[in-house]
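1. From the sequence below, what's the structure:
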Amino acid sequence: MSLKSLPTREYLTPGHRMCSGCGAAIALRQVFIALDKPPIIVNATNCVEVATTPYPYTAWSVPWIHTAFECTAATAAGVEAGLKVLQRKGKIPKTDNPIIAIAGDGGTYDIGLQALSGALERGHKFTYICYSNEAYMNTGIQQSGATPKFGWTTTSPAGKVVPGKVRFQKDLMKIVVAHEIPYAATASPAYPMDLIRKVRKAVSVGGPSFLLILATCPRGWRTESDLTIEIAREAVLTRYWPLYEVENGKYKITKNIVKKRPVEEYLKYQGKFRHLFKPKRQDKMIQEIQDYVDKKWQELIALEKLTQKH
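-> Numbering: from 1, shown residues only. Predicted coordinates for the structure are as follows:
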């Protein structure tokens, strides 16, 4: 697979109102370029929904359903079940067009987790994509289960006593993998071929699949819009956002970072971590984040070794 071999048609077309440098918009373009057949899209309430479908316009050239925050996976499961019934009765031809559910971290880590768990447990064949911009960006940059420790949001302000969010983010991948689904993976728009390969694998499995994609948000992260890909790349190179996949329970690191960069190289770009550097550098807090990143990386290596043996 090479860049030249990828199709040039777009399912998410130009003309949407996503912000300049939006990591979600970049990542989703890569997702849909990977598909060989037109998808059926279920989209939760989020930035993508609001910015791509301002009534009466739409930037989607394929079937698209808007659903509430908490219902994304349930709606996708209903679409999959409905198509099965209609095909079995001969009312529509049998097709294998992928069903893609799209939600942010607020609608996945938090509000939609119950519906996601139920749909995964029932084994519906669809691909759930969570783009994580680490807060509820569409409604005012509030803290979510994906917000990192010490991260500033409007509901976890960085003060002298409480410097941002007080706990580390939820490990959503472990929760998803615990459902023993055929395929789950992390991805980053800074590594498009890795992302595209994972999308193609996700839609080809005979059951539910899950992709967790880092989506830099210039407005919510207080970053420059032209640094989106650079920041996403630093997240991987510092091991803050490791790239890996779990296929039938077997972990595999898809981008092995042998010589890691210090995590502050990722943090320093982001205004939401500005209080860790100014007016006085908070070395203890930066080191706490570094220790957490190192611990999670070692856990990932251990899981890869353990599962690949069996």
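2. Wait, a strand at residue 251?
-> Yes - assigned with DSSP: H, G, I helix; E, B strand; the rest coil, residue 251 falls within a strand.
3. what about it, how many residues close to it?
-> Close neighbours of residue 251, defined as other CB atoms under 10 Å, add up to 21. Where you see a C-beta, it was placed from the backbone N, CA and C, and this is true even at glycine.
4. in the lengthiest helix in the chain, what counts as buried?
-> Secondary structure of the chain per DSSP state H: the longest helix is helix 283-308. Across helix 283-308, burial judged by 16 or more other CB atoms under 10 Å covers 285-286, 289-290, 292-293, 297, 300, 303-304, 307.
5. what's the closest of the residues you listed to residue 176?
-> Nearest to residue 176, judged by CB to CB, of these is residue 303 at 13.7 Å.
6. In contact with that closest one: list those residues for me.
-> residue 251 (CB atoms under 8 Å, 6 or more residues apart in numbering).
7. Which pLDDT value goes with it?
-> You'll see residue 303 listed with a pLDDT of 98.
8. how close does residue 91 sit to residue 153?
-> 47 Å (CB to CB, to the nearest Å).
9. neighbour-wise, which of these two wins?
-> residue 153 (21 against 8).
10. So what does the more buried one look like in phi/psi?
-> phi -140, psi 180 (degrees, to the nearest 10).
11. Pairing partners for it in the sheet, please.
-> residue 156 (DSSP bridges).
12. ok, it to residue 134 distance?
-> Taking CB to CB as the measure, residue 153 falls 8 Å from residue 134.
13. so what's in contact with these two at the same time?
-> With CB under 8 Å, 6+ apart as the test, residue 153 and residue 134 both reach 147, 220.
14. what residues are up against residue 145?
-> Counting by CB under 8 Å, 6+ apart, residue 145 has contacts 105, 109-110, 169-170, 172.
15. Compare the residues you listed and tell me which has the most neighbours.
-> Neighbour tally across the contacts of residue 145 (other CB under 10 Å): the maximum, 28 neighbours, falls on residue 105.
16. Does that residue touch residue 129 like I think?
-> No - if you go by CB atoms under 8 Å, residue 105 and residue 129 don't touch, sitting 11.5 Å apart.
17. Find the residue ranges of the chain scoring beneath the pLDDT cut-off.
-> 1 (pLDDT under 70).
18. So which residues of it form helices?
-> Along the chain, the segments classed as helices by DSSP H run 23-33, 47-52, 72-88, 113-122, 172-177, 192-204, 218-221, 228-237, 264-267, 283-308.
19. Among the ones you listed, which comes closest to residue 146?
-> Comparing the helices of the chain by CB to CB, helix 172-177 comes nearest, at 7.3 Å.
20. List the contacts of the closest one.
-> With CB under 8 Å, 6+ apart as the test, helix 172-177 has contacts from 108-109, 113, 116-117, 120, 130, 145-146, 184, 186, 210, 212, 246, 249.
21. Report the buried residues of that helix.
-> For helix 172-177, burial by neighbour count (16+ other CB under 10 Å) applies to 172-173, 175-177.
22. Show me which pair in those is furthest apart.
-> Farthest pair in the buried residues of helix 172-177 (CB to CB) is 172 and 177. Separation: 9.5 Å.
23. rewinding a little: in terms of distance to residue 220, which of the buried residues of helix 172-177 ranks first?
-> Looking across the buried residues of helix 172-177 and measuring by CB to CB, the closest to residue 220 is residue 172, at 18.4 Å.
24. if I look at that closest one, how far off is residue 43?
-> 19 Å.
25. same question, residue 68
-> For residue 68, the distance to residue 43 (CB to CB) stands at 11 Å.
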